[in-house]
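>>> Provided below are the primary sequence and the corresponding predicted coordinates.
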Amino acid sequence: MTQSDRSLPEPRAPDPADPVDPAALVLPAVADPPLNEREPWLDRHEIVDALAVPGAETPVYLTAEGVALTTSGLGKSDAATTTAALLAAPGLDLESAYVVSAGIGGASPDTAALGSVVVADAVVDWDRKHRWDRTATGTDEAEATPRASDDRPIDLLAYRPRDNVWHLDDRVVETGITAAREVDLGANPSAREDQREYPAAPDAGPTVTTGTTVCGDEFWHGPRYARQVEWLCEQYDAAPYATTQMEDAATATALERFGLLDRYLSVRAIANYDRAPPGGSVEESFEGSDASLALAIDNAERVGSAIVERLLATDPLGIRATA
């Protein structure tokens, strides 16, 4: 089934007198081809209702299993706005819902095979930092010369009430990892060929692992910037980074403001590597390939669905007991 021939309910306004109480909220980032992270969720789950929530980017679709599904939007501003709008919406009660970001991400070729899925145990905000131009001398910028320290022209913020890292609840993370490791991941021969262009990448198919996910609005690509990302994670005792993406720090911030961070989980499937292969260009390698993208979108839903099912079955935080 494709989006063109799928029949979906017409979104209705939430009713504050009869609020919808989903058991989980799933947040893929986008629903526009070719990055349609939402489509396999709509294809593989029975949609029984839909809500038009002011401030949300797309309708909130409700499945027969009691799960709410909507896109966060691409980037931190969209994700924060969507998440806050959902949490504050009259007629939508998320107090007893698990929240799962499920989509694609980038990774170092040292991390895992393309299509692998990472269940994050920590989220780092890449954008909260200083960036220095140490080539300038303060006199004539045209005569400025690079220095050895320019390979890391970043530093921690001088004004930092807290480190910009969120450590996710161990009970939720462990439940997610346990469920994820039981999933039969998809594979793709073309994506495997793309992977073989990277000597540092594993000679294996997709796997499930855990680690830090790094969130930023900046589109970066290349080993120089990867070293900077790794350095920032080291300062927060969250190295090495496992995936990179653009929404999860914002989603975590909104949930934290509403006192609901403990039920949050980030699930990211690796769609591309964060640098060009030997002899390749950054422009051509930035988005990965059609094969690696399709594989990651598919595996993100496979694992995300299994995790949501396990969270609802076991309720590791006991938040559904009084729902």
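Good, I have the coordinates.
>>> For this protein, which segments count as helices?
With helices called from DSSP state H, the chain shows them at 39-44, 76-88, 170-180, 189-195, 223-235, 248-257, 282-285, 290-314.
>>> Quick check: residue 157 touching residue 125?
No. Between residue 157 and residue 125 there is no contact under Cβ atoms under 8 Å: 10.3 Å. The C-beta positions use only the backbone N, C-alpha and C, and glycine is treated the same way.
>>> These two: which is more packed in?
Taking neighbours as other Cβ atoms under 10 Å, residue 157 and residue 125 compare with residue 125 leading, 22 against 11.
>>> pretty sure the more buried one contacts residue 165?
Yes. At 7.3 Å, residue 125 counts as touching residue 165 under the criterion of Cβ under 8 Å.
>>> any shared contact partners between residue 157 and residue 125?
The contact sets of residue 157 and residue 125 overlap at residue 164 (Cβ atoms under 8 Å, 6 or more residues apart in numbering).
>>> circling back: output the helices of the chain as a markdown table; include the columns distance to residue 132, mean neighbour count and mean pLDDT.
Below are these laid out as a markdown table (distance: least, Cβ to Cβ, whole Å; neighbours: other Cβ atoms under 10 Å; pLDDT from 0 to 100):
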| stretch | distance to residue 132 | mean neighbour count | mean pLDDT |
| --- | --- | --- | --- |
| helix 39-44 | 42 | 18 | 97 |
| helix 76-88 | 23 | 21 | 98 |
| helix 170-180 | 35 | 19 | 98 |
| helix 189-195 | 35 | 18 | 96 |
| helix 223-235 | 12 | 17 | 95 |
| helix 248-257 | 22 | 23 | 98 |
| helix 282-285 | 23 | 13 | 83 |
| helix 290-314 | 34 | 22 | 97 |
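>>> right, and the ones you listed - which one's nearest residue 25?
Residue 25 sits nearest to helix 76-88 of all these, at 6.9 Å, using Cβ to Cβ.
>>> just the strands in this structure please.
24-27, 47-51, 60-63, 67-69, 98-107, 117-125, 130-131, 154-155, 165-167, 208-215, 241-245, 264-273 (DSSP state E).
>>> With distance to residue 41 as new columns, can these be given to me in a markdown table?
A markdown table is the format used below for the strands of the chain (distance: least, Cβ to Cβ, whole Å):
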| stretch | distance to residue 41 |
| --- | --- |
| strand 24-27 | 7 |
| strand 47-51 | 9 |
| strand 60-63 | 8 |
| strand 67-69 | 5 |
| strand 98-107 | 8 |
| strand 117-125 | 15 |
| strand 130-131 | 37 |
| strand 154-155 | 36 |
| strand 165-167 | 24 |
| strand 208-215 | 19 |
| strand 241-245 | 17 |
| strand 264-273 | 12 |
